[in-house]
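Asker: Have a look at this prediction, sequence included:
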Amino acid sequence: MSDPSAGVEEPVLQLDGGTLAFGDRVLWSELDLTVRPGEFIAILGANGSGKSSLMKAILGLTPLTSGRLEIAGSPPARGSRLIGYVPQERRLAPSSPIRVRDLVGLGIDGASWGIGWPNRSRRLRIERILASVGALHLADVPVHQLSGGEQQRIRIGQALSTDPRLLLCDEPLLSLDLTHQRTVVSLIDHCRAERGTAVLFVTHEINPVLPYVDRVLYLADGQFRIGTVAEVMTSESLSALYGSPIEVVRVGGRILIAGVPDLSEDEHHHATEAPPHPVVAHRAAP
Ligand SMILES: Nc1ncnc2c1ncn2[C@@H]1O[C@H](COP(=O)(O)OP(=O)(O)OP(=O)(O)O)[C@@H](O)[C@H]1O
């Protein structure tokens, strides 16, 4: 978790009265969110509640329907080097010859596609980034040969390559086993602590990030709750959010949720993805 004194620093992200709607479907409305350096914020919500769309708004890819959004004092801009982005998992094509060091190099080169001219400082920078995510030994391995956990590690390195002030992670734990989940979360938290990077972490499950989270933003049915885990992850708070009885219990430092409406029949549910609220928990909170 971040140093409480970080609360006095200028916000990395300021969202005031943010509303995003597609046609008459309102994903979220009047959302206020201030993110300060070094904060770790988990973003939760069922499939289709608008988590990825919030990431896209922050990345400058999707304009807000109304409200004001600033990243370090400026409007969101595509390709901003202030933001690192770990997208939802997508495996590179098996035939892709790209090596780990090339992928990280692309992150450094930014939007200018193509592998930059090799030079010593660029090479050292790539190696420093890889070392920071414990992947220096993978530098010359083709990316498609990496395990899911190794690929995620490299994506995080790539996202951190511009030394961003805000790191957006869109479900970086999907399809990782428990060991890799722990490694990935603690790696992100380590980078957060070392660099003061604020983290917005989209996840379907709170438990793997519980020990690290400062606040939770929970989206549901066009509404939201934001606050500490103790404030948001309660039966009362989630029942009010969903408008139906939800039971939240803590067992051995883990949070189990029962009663969240099953959206599997909902037109917005993506059947191939993880269930919205698995009740299996992975890691004890401190
Ligand atoms: N450009 C768009 N035009 C119209 N509808 C969109 C657009 N982008 C997203 N949507 C819809 O907005 C809803 C929210 O999508 P989003 O991907 O933000 O949800 P999510 O909470 O990230 O879901 P998941 O957990 O399944 O990844 C979905 O129903 C999606 O189909």
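Answerer: That came in fine, so what should we check first?

Asker: Next, the buried residues of the helix or strand harbouring Ile257.
Answerer: Following DSSP states H and E, one finds Ile257 within strand 254-258. Within strand 254-258, the residues scored as buried using 16 or more other Cβ atoms under 10 Å are 254-257. From N, CA and C alone the C-beta is placed, and that goes for glycine too.

Asker: between those residues, which is nearest the ligand?
Answerer: Of all the buried residues of strand 254-258, the ligand sits closest to Ile257, with 15.4 Å by Cβ to the nearest ligand atom.

Asker: got the contact list for Ser49?
Answerer: For Ser49, the contact set (Cβ atoms under 8 Å, 6 or more residues apart in numbering) comprises 27-28, 219-221.

Asker: brain fart, Ala72
Answerer: Contact partners of Ala72, counting by Cβ under 8 Å, 6+ apart, are 10, 12-13, 82, 165-166.

Asker: Please name every helix or strand in contact with the helix or strand that contains Leu106.
Answerer: Assigned by DSSP H and E, Leu106 belongs to helix 100-109. Counting contacts by 3 or more Cβ pairs under 8 Å, 6 or more residues apart in numbering; DSSP states H and E, helix 100-109 packs against helix 120-132, helix 148-159.

Asker: So which of the ones you listed is the most surrounded?
Answerer: Highest mean neighbour count among the helices and strands packed on helix 100-109 (mean count of other Cβ atoms under 10 Å): helix 148-159, with a mean of 22.

Asker: can you give me the angle that helix makes with helix 120-132?
Answerer: Counting by axes from the mean of the first three to the mean of the last three Cα atoms, to 10 degrees, helix 148-159 lies at 140 degrees to helix 120-132.

Asker: quick one: strands adjacent to whatever helix or strand comes next after helix 148-159?
Answerer: Counting by DSSP H and E, the element after helix 148-159 in chain order, helix or strand, is strand 166-170. The strands that strand 166-170 pairs with in its sheet are strand 83-86 (parallel), strand 198-202 (parallel) (by DSSP bridges).

Asker: To the ligand, which of these lies closest?
Answerer: Of the strands paired with strand 166-170, nearest to the ligand by Cβ to the nearest ligand atom is strand 198-202, at 6.7 Å.
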